[in-house]
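Asker: Structural data only, the sequence is not supplied:
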């Protein structure tokens, strides 16, 4: 089990040469997810040698430009490269209208299929699921309708303890399937029962990543984030701009650390820095007064966790 | 009289690290015009230290993404910087709907006034005029409705020949205004008439710049471009891809040179290069078999002409 997160952009508001708006590339259980897509994201994907064809699902947190102005360009580029795979886009209602209007005027309808999954709910909901992964929304508190996203591996199969299994000649290969799924062994004649715990090891821990971009301090998130392995939480400001954070519905580094601490997450990543701050280490210092295990997001930085 | 053109982006299709889509910044008679605005243009404006507040008029040739996907971000950034000046945008019908839809969903209405001048005519028309400059459309031949733009200085005043004027004590300062405007001198009593030619020098040549982006070879442009000082003409392909140029309604370097030659322009700039070509010098070589005075566009390159 492993999660690999590549930070593409992690600054707020306007794109600048060395301060790119939000975009992240998440690899979880061989799934490849793009999260937010500020202007310039396609150039950053190239820079970090992330193949366009890998991306089949894009999650957009909200319709402020620094989180989605790069999306229409990416969709157009996929088209120019003769993409054939479907593309699924999850984001607030309105996104479909915005994208399709531009494709209409440019007469650039894509040959691949575009699926929009528009979000309106103010409650956390399951928006993506397959055999190995699920994605839930995390309703955030921002100036416009905004969701974070919780990406979770599903718990895998138990691992056979082959040494223990070898002690019981009555266990056959065709029984392995049930054992991996946690069932006790029962012989065909019903005379022998062996506890699953004796024959298997527990599955590896299922990992999780939560992305909370653009939100005021929202303690209601804590139960949703409980025990998450990796949490990205925006920290646009430091406490010196607490009032501005409140007006603009953003968080401070201290707010992010408080959420991480209360939710017992394993590691916190800070990002979405306002360009008024030149010394980003101050974000780390402020957060670490409350929560030690944290890092700053940075273009090109990779966070990898394994279980 | 001078024209200063800064190339921001000059490549076709998708933005890449060192190949930016079309955008140019034109300074003519103290007016500052942005021409096209591909994704990433605002970052290029910063890189070339072009003040955002200078830009009051933006001209968009057509609604293919590599010519306007950077516009909504620039408009949003102007808003974040508390711009107060009006902004005038000239472009195809549809552009207003695209921009306003995104501002609506992001609840980011600008505090400054946005004026859209939507273009639909298939004939060349005057779309901007002030005391010193005028801008005309150049209808192009592309897959969707597309205009180039012709930027022309107006002819200035004649320059007084002070030595000649000094020979006539009856000429007073209050007469200078009429002399500069080309009128002959007539004394108050009507007895003396002096030809304007004797008293003034001709005005400096009025300069002109024509931007022809995304067009098949279109000889009908020649009369509109006659004698232009600086011509940017797209050359997406070389002659080796003549058929592809025809299908996609683009020009080759030879096409661009043919137009420049027939229109007797002073200097030709080639741009909008397809990324299939690694050696851009081949564009220059091909064009120069027909027309010598030409250059390749390049990010950051400045073309300056004076009269």
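Answerer: Nice, I can see it. Bear in mind that the values here come from a model prediction, so they are computed numbers and not experimental data. Numbers count the residues shown, from 1 in each chain, chains lettered A, B, ... in the order given.
Asker: What residues sit buried inside whatever helix or strand residue A:247 lives in?
Answerer: Counting by DSSP states H and E, the element that carries residue A:247 is helix A:242-248. Across helix A:242-248, burial judged by 16 or more other CB atoms under 10 Å in any protein chain shown covers A:245, A:248. Yep, even glycine has a C-beta here, placed from its N, CA and C like the rest.
Asker: who touches it?
Answerer: With CB atoms under 8 Å, 6 or more residues apart in numbering or on different chains as the test, helix A:242-248 has contacts from A:143, A:216, A:236-237, A:250-252, A:255.
Asker: what's the closest of these to chain B?
Answerer: Distance to chain B across those (CB to the nearest CB) is lowest for residue A:143, with 6.6 Å.
Asker: show me the residues around whichever residue of the stretch 101-250 of chain A sits closest to chain B that make contact.
Answerer: Closest contact between the stretch 101-250 of chain A and chain B, by CB to the nearest CB, is at residue A:105 (4.1 Å). By CB under 8 Å, 6+ apart, residue A:105 lies in contact with B:63, B:92, B:94-95, B:98, B:144.
Asker: Now for those residues: which two are most distant?
Answerer: B:98 and B:144 (13.4 Å; CB to CB).
Asker: Of those two, give the one with the bigger neighbour count.
Answerer: Taking neighbours as other CB atoms under 10 Å in any protein chain shown, residue B:98 and residue B:144 compare with residue B:98 leading, 21 against 15.
Asker: buried residues in the host helix or strand of that one?
Answerer: Using DSSP H and E, the element containing residue B:98 is helix B:95-105. Neighbour counts over helix B:95-105 (16+ other CB under 10 Å) mark B:95-96, B:98-99, B:101-103, B:105 as buried.
Asker: Over to stretch A:144-157?
Answerer: A:145-153, A:156.
Asker: For residue A:156, which three-state class applies?
Answerer: Here residue A:156 is coil, with the state taken from DSSP: H, G, I helix; E, B strand; the rest coil.
Asker: now swap in residue A:151 and tell me
Answerer: strand.
Asker: residues in contact with residue A:29?
Answerer: A:1, A:132-133, A:153.
Asker: Give me the pLDDT for the residue of the stretch 101-250 of chain A closest to chain B.
Answerer: Predicted confidence (pLDDT) for residue A:105: 97.
Asker: What residue, apart from its backbone neighbours, is nearest the residue of the stretch 151-300 of chain A found nearest chain B spatially?
Answerer: Closest to chain B within the stretch 151-300 of chain A is residue A:275: 9.9 Å, counting by CB to the nearest CB. Distances taken as CB to CB, 6 or more residues apart in numbering or on different chains put residue A:19 closest to residue A:275, at 6.1 Å, once the chain neighbours are dropped.
Asker: Surely that neighbour and residue A:13 touch.
Answerer: No: applying CB atoms under 8 Å as the test, residue A:19 and residue A:13 come out as separate, 9.0 Å apart.
Asker: Which one of these two is surrounded by more residues?
Answerer: Using other CB under 10 Å, the more surrounded residue of residue A:19 and residue A:13 is residue A:13, with 21 against 16.
Asker: quick one, what contacts that one?
Answerer: Going by CB under 8 Å, 6+ apart, the list of residues near residue A:13 reads A:21, A:66, A:274-275, B:77, B:80.
Asker: repeat that with 10 Å
Answerer: A:19, A:21, A:38, A:64-66, A:236, A:272-276, B:76-77, B:80-81 (CB atoms under 10 Å, 6 or more residues apart in numbering or on different chains).
Asker: Which entries within the residues you listed meet the buried criterion?
Answerer: Buried, going by 16+ other CB under 10 Å: A:19, A:21, A:38, A:64-66, A:236, A:272-274, B:76-77, out of the contacts of residue A:13.
Asker: With distance to residue A:246 as extra columns, can I get the buried residues of helix B:95-105 in JSON lines?
Answerer: Output for these, formatted as JSON lines (distance: CB to CB, whole Å):
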{"residue": "B:95", "distance to residue A:246": "36"}
{"residue": "B:96", "distance to residue A:246": "35"}
{"residue": "B:98", "distance to residue A:246": "33"}
{"residue": "B:99", "distance to residue A:246": "30"}
{"residue": "B:101", "distance to residue A:246": "30"}
{"residue": "B:102", "distance to residue A:246": "26"}
{"residue": "B:103", "distance to residue A:246": "24"}
{"residue": "B:105", "distance to residue A:246": "24"}
